[in-house]
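> coordinates only, no sequence provided:
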């Protein structure tokens, strides 16, 4: 199953975006403060690595930020790398 077809769940209570697959959970954690969203950690279990799930999570987080006119701040190397590779997202 391609990562792009996996549903991303926005769990506002836990402040993260999640993908559930094969009894594993991958997540992108964030913190909201005023009009800024700070991405703090991208976690993909080793069993799910290499499938594009981390990128799917970051893309969903950036889409959420864009749709809600939020400024993006990153404390996560994976988010930084993704934004360098996809500057128009």
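In hand now; what should we look at? Computed from a prediction, not measured in an experiment: that's the story for all the values here. Numbering: from 1, shown residues only.
> what helices or strands is the longest helix seen in the chain leaning on?
Longest helix of the chain, by residue count under DSSP state H: helix 53-67. If contacts are counted by 3 or more Cβ pairs under 8 Å, 6 or more residues apart in numbering; DSSP states H and E, helix 53-67 sits against strand 16-21, strand 24-33, strand 36-43, strand 71-74, helix 77-85. Placement of C-beta: from N, CA and C, glycine included.
> can you add distance to residue 60, mean neighbour count and mean pLDDT and give these back as JSON lines?
Output for the helices and strands packed on helix 53-67, formatted as JSON lines (distance: least, Cβ to Cβ, whole Å; neighbours: other Cβ atoms under 10 Å; pLDDT from 0 to 100):
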{"stretch": "strand 16-21", "distance to residue 60": "5", "mean neighbour count": "19", "mean pLDDT": "97"}
{"stretch": "strand 24-33", "distance to residue 60": "7", "mean neighbour count": "19", "mean pLDDT": "98"}
{"stretch": "strand 36-43", "distance to residue 60": "11", "mean neighbour count": "18", "mean pLDDT": "98"}
{"stretch": "strand 71-74", "distance to residue 60": "13", "mean neighbour count": "16", "mean pLDDT": "98"}
{"stretch": "helix 77-85", "distance to residue 60": "11", "mean neighbour count": "15", "mean pLDDT": "97"}
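> out of those, which gets nearest to residue 56?
Nearest to residue 56, of all these, is strand 16-21, at 6.5 Å by Cβ to Cβ.
> what is the burial count for the spatially closest residue to residue 72 that is not a sequence neighbour?
Closest residue to residue 72 apart from its sequence neighbours, by Cβ to Cβ, 6 or more residues apart in numbering: residue 65 at 5.1 Å. Here the count is done by other Cβ atoms under 10 Å, and residue 65 has 20 residues near it.
> ok, so what distance separates residue 65 from residue 24?
Per Cβ to Cβ, to the nearest Å, residue 65 is found 25 Å from residue 24.
> same thing with residue 13?
Taken as Cβ to Cβ, the span from residue 13 to residue 24 is 20 Å.
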